[in-house]
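Engineer: Have a look; sequence and predicted model below, questions after that.
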There are 2 protein chains.
Amino acid sequence: MDTRERLIESARELLWEFGYVGTSPKAIQQRSGAGQGSMYHHFRGKPDLALAAITRSADELRDRAEAEFSGPGTPVQRVTTYLRRERDALRGCPVGRLTQDRDVMADPALRRPVEETFAWLRTRLAGVLAEAVAEGELDATLDPAATATALVAVLQGGYVLARAAGDAEVYAQAVDGALGLLAGHVRSTAT
Amino acid sequence: MDTRERLIESARELLWEFGYVGTSPKAIQQRSGAGQGSMYHHFRGKPDLALAAITRSADELRDRAEAEFSGPGTPVQRVTTYLRRERDALRGCPVGRLTQDRDVMADPALRRPVEETFAWLRTRLAGVLAEAVAEGELDATLDPAATATALVAVLQGGYVLARAAGDAEVYAQAVDGALGLLAGHVRSTAT
DNA sequence: GTCTATAGGTGGATAGAC
DNA sequence: GTCTATCCACCTATAGAC
């Protein structure tokens, strides 16, 4: 892994843990093993490096979700697989946490991947839910778009509650609650 | 409103908007109209003032929720009132956003009101849901504790999604989705 | 109680040797 | 491409006059 790559990966980890404001160029350089000032050769500055890091995290999130949404099983099974995927609850979401970072949201370039990621996620999940409704697996009273937004919100909010409690189990409980609510709308358990 | 009070209110607003790391003593002093250095007479430092501000925000959140939970109507109606309460979605939750602030979560004193607020909220909401189950308003397949955690998560995550989209309507959609999911478990609409 | 002055540390970035 | 040295602005806090 070359220096440029190490800088991006270090930035990703630090942004995840400390946020944009809490991450200094010096900290990124030290973690990456690059010398002081070296990152300015590969990137124009902190925002430029952050953009590379954020874009990569957003792409990863999207790829993993897409693999689950387009995987095997009925629509509800795929949604369940997505919701139940093991996540580092206390660490939170590397993309979602950026919404609380003013410097990120104030910069159109940095904000864009965050906005696009969740727009895609909600739309894509709504599509899977619409499939479920069309196939009769979910009852037709459910609005796919609103339900999708609520389910994604459960994950993002689950992180918040887990961090507040200092207990990853709270995240799992939020997911359990969401699946319990969804279960009341499942009509058939076709395999 | 005396100087001490203005300092607390200014800190509350700035913490809400910029978070702990993004809020400087200087900014608090300027917003409050107090002169540079004046806050050190009333508070030992930034953490001490932040504790006063966070505690007040936490108390407010709790009082408003309690008023709705113990208000008129059936349990499900009260939960609906709580979920549908008008909120400044793009501003987010003044307490929940602190969970993403490392300096807050790393300090036991600052962390405590955050932890206690959400522990109380989840427990209190679970109690109202348990009432609903006991009275037959909600079907008995729902786990009150897990459902409560999921519903609170929808609100917290709704803020995240609304900020990501730059659109308060997304928050409302998340709440709509949660109420739609809950509706499938309501047995009677007793008044 | 409130103000000005000030200090040590860090953040983000640049210059220029190698 | 990488390193050291350096810069200015800001953050947090203290000292001490009024």
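Structural biologist: Arrived safely, thanks for sending. From a predicted model like this one, the values you see are computed outputs, not experimental measurements.
Engineer: Need the mean per-residue confidence for the longest helix belonging to chain A.
Structural biologist: Longest helix of chain A, by residue count under DSSP state H: helix A:108-134. Regarding helix A:108-134, the rounded mean pLDDT is 98.
Engineer: Which residue ranges of chain A form strands?
Structural biologist: Here chain A has no strands by DSSP state E.
Engineer: follow-up on the earlier one: which helices and strands does the longest helix of chain A pack with?
Structural biologist: For helix A:108-134, the packing partners by 3 or more Cβ pairs under 8 Å, 6 or more residues apart in numbering or on different chains; DSSP states H and E come out as helix A:46-69, helix A:75-84, helix A:102-106, helix A:144-165, helix B:144-165. All C-beta spots, glycine's among them, are computed from the backbone N, C-alpha and C.
Engineer: Check which residues of that helix are buried.
Structural biologist: A:110-111, A:113-115, A:117-118, A:121-122, A:124-126, A:128-133 (16 or more other Cβ atoms under 10 Å in any protein chain shown).
Engineer: Quick check: residue A:113 vs DNA strand D, distance?
Structural biologist: 25 Å (Cβ to the nearest atom of the strand, to the nearest Å).
Engineer: mind checking pLDDT for the residue lying closest to that residue once chain neighbours are set aside?
Structural biologist: Once flanking residues are discounted, residue A:113 sits nearest to residue A:58: 4.2 Å by Cβ to Cβ, 6 or more residues apart in numbering or on different chains. We have a pLDDT of 98 for residue A:58.
Engineer: Any figure for the gap between residue A:58 and residue A:127?
Structural biologist: Distance, residue A:58 to residue A:127, by Cβ to Cβ, to the nearest Å: 19 Å.
Engineer: what sits against the residue nearest to residue A:83 when sequence neighbours are not counted?
Structural biologist: Counting by Cβ to Cβ, 6+ apart, residue A:175 is the residue found nearest to residue A:83 once chain neighbours are left out, at 5.3 Å. When the contact criterion is Cβ atoms under 8 Å, 6 or more residues apart in numbering or on different chains, the partners of residue A:175 are A:83, A:84, A:154, A:155, A:158, B:150.
Engineer: How much space separates the last one from DNA strand D?
Structural biologist: Put plainly, it is residue B:150. Look at residue B:150 and DNA strand D: by Cβ to the nearest atom of the strand, they are 35 Å apart.
Engineer: ok, that residue touching residue A:174?
Structural biologist: Yes: judged on Cβ atoms under 8 Å, residue B:150 makes contact with residue A:174 at a distance of 4.9 Å.
Engineer: if we can go back for a sec, which members of the contacts of residue A:175 are the farthest-apart pair?
Structural biologist: Put simply, by Cβ to Cβ the two of the contacts of residue A:175 set farthest apart are A:84 and B:150, 13.6 Å from each other.
Engineer: more crowded one of those two?
Structural biologist: Taking other Cβ atoms under 10 Å in any protein chain shown, residue A:84 and residue B:150 do not tie; residue B:150 has more neighbours (32 against 13).
Engineer: Tally up the residues packed near the spatially closest residue to the more buried one that is not a sequence neighbour, please.
Structural biologist: Nearest residue to residue B:150, sequence neighbours excluded (Cβ to Cβ, 6+ apart): residue A:177, at 2.8 Å. The tally of other residues near residue A:177 (other Cβ under 10 Å) stands at 28.
Engineer: for residue A:146, same thing?
Structural biologist: 22.
Engineer: can you check residue A:5 too?
Structural biologist: 12.
Engineer: can you pull the contacts of it?
Structural biologist: Applying Cβ under 8 Å, 6+ apart to residue A:5 gives no contacts.
Engineer: Look up how far residue B:127 lies from the nearest residue to residue A:81 once chain neighbours are set aside.
Structural biologist: Leaving aside its sequence neighbours, residue A:81 sits nearest to residue A:68 (Cβ to Cβ, 6+ apart; 5.2 Å). Distance of residue A:68 to residue B:127, computed by Cβ to Cβ: 35 Å.
Engineer: per-residue pLDDT, residue A:1?
Structural biologist: Looking at residue A:1, its pLDDT is 87.
Engineer: For chain A, list the residues in contact with DNA strand D, please.
Structural biologist: The interface of chain A toward DNA strand D, taken as Cβ under 7 Å from any atom of the strand, is made up of A:2, A:3, A:4, A:34, A:35, A:36, A:37, A:38, A:40, A:41, A:42.
Engineer: Filter those residues down to just the buried residues.
Structural biologist: A:3, A:4, A:34, A:42.
Engineer: In this structure the second one contacts residue A:42, no?
Structural biologist: Yep, that's residue A:4 we're talking about. Yes: here residue A:4 reaches residue A:42: they are 4.5 Å apart, a contact under Cβ under 8 Å.
Engineer: which residues touch the residue nearest to residue A:103 when sequence neighbours are not counted?
Structural biologist: Using Cβ to Cβ, 6+ apart and skipping residues adjacent in sequence, the residue nearest residue A:103 is residue A:20, 5.0 Å away. Contact analysis of residue A:20 by Cβ under 8 Å, 6+ apart lists A:50, A:98, A:101, A:103, A:104, A:110.
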